[in-house]
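K.L.:
Model the following, please.
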Amino acid sequence: MPNYETEFPIIHNFLAKEKSLEKLNNINKLNPFVNQMINSFSYKLSRKEAKLTENTIQSCIEKISDSDAHKNELHKKFQLFVDAWGEIYPNAVQFGCRMQMEPLPAITL
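P.N.:
This next block holds a predicted model:
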């Protein structure tokens with residue numbers, strides 16, 4: 001993962017000083033896993049198929065991994081995603097139908 005502190009020092013300093021925006025630092029941790037899943041499954045898996053109980057995150061990682069090293073990389077990306085989402089979720093609001101979201105369910109492989 002790139003070092004955002006040195007690559008984007010102004011943005012980093014702004015986010016560090018603005019407490020209300022500090023959670024946005026986690027957004028860049030969400031992208032690697034999300035992008036990998038989009039690249040691997042976009043237009044290849046229907047919503048109906050995705051809802052099947054046998055299509056777990058672990059099974060998806062198994063399907064797209066071509067080596068143990070790749071599988072380990074995906075697990076690391078997934079863990080970064082889980083950690084970042086856990087930080088962002090409590091501050092999220094759902095516009096339109098309700099102002100506060102349900103408690104965060106456990107996210108596991």
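
K.L.:
Off-centre distance for the lowest-mean-pLDDT helix or strand in the chain?
P.N.:
Least confident helix or strand, the chain: helix 9-17 with a mean of 78, by mean pLDDT, DSSP states H and E. Offset of helix 9-17 from its chain centre (C-alpha atoms, centre = their mean, to the nearest Å): 22 Å.

K.L.:
Enumerate the positions of it that are buried.
P.N.:
Neighbour-count burial for helix 9-17, counted by 16 or more other C-beta atoms under 10 Å, picks out Leu15. (Each C-beta comes from the backbone N, C-alpha and C, glycine too.)

K.L.:
next structured bit after that helix?
P.N.:
helix 27-41 (DSSP states H and E).

K.L.:
Just the mean pLDDT for the next helix or strand after that next one, thanks.
P.N.:
As assigned by DSSP H and E, the chain's next helix or strand after helix 27-41 is helix 47-50. Here helix 47-50 scores 86 as its mean pLDDT.

K.L.:
mind saving the C-alpha coords of helix 47-50 as CSV?
P.N.:
Provided in CSV are the C-alpha atoms of helix 47-50 (Å, rounded to 0.1, in the frame of the first residue of the first chain):
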residue,chain,number,x,y,z
ARG,A,47,-27.4,-11.1,-7.4
LYS,A,48,-29.3,-14.4,-6.9
GLU,A,49,-26.1,-16.4,-7.0
ALA,A,50,-24.3,-14.0,-4.6
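
K.L.:
got the angle for the biggest helix by length in the chain vs helix 27-41?
P.N.:
The residue-count maximum for a helix in the chain (DSSP state H) belongs to helix 68-88. Orientation note: helix 68-88 sits at an angle of 130 degrees relative to helix 27-41 (axes from the mean of the first three to the mean of the last three C-alpha atoms, to 10 degrees).

K.L.:
Okay, the closest residue to Leu109 other than its chain neighbours and Ser46: tell me how far apart.
P.N.:
Nearest non-adjacent residue to Leu109, counting by C-beta to C-beta, 6 or more residues apart in numbering: Gln58, 4.0 Å away. To Ser46, Gln58 is 20 Å away according to C-beta to C-beta, to the nearest Å.
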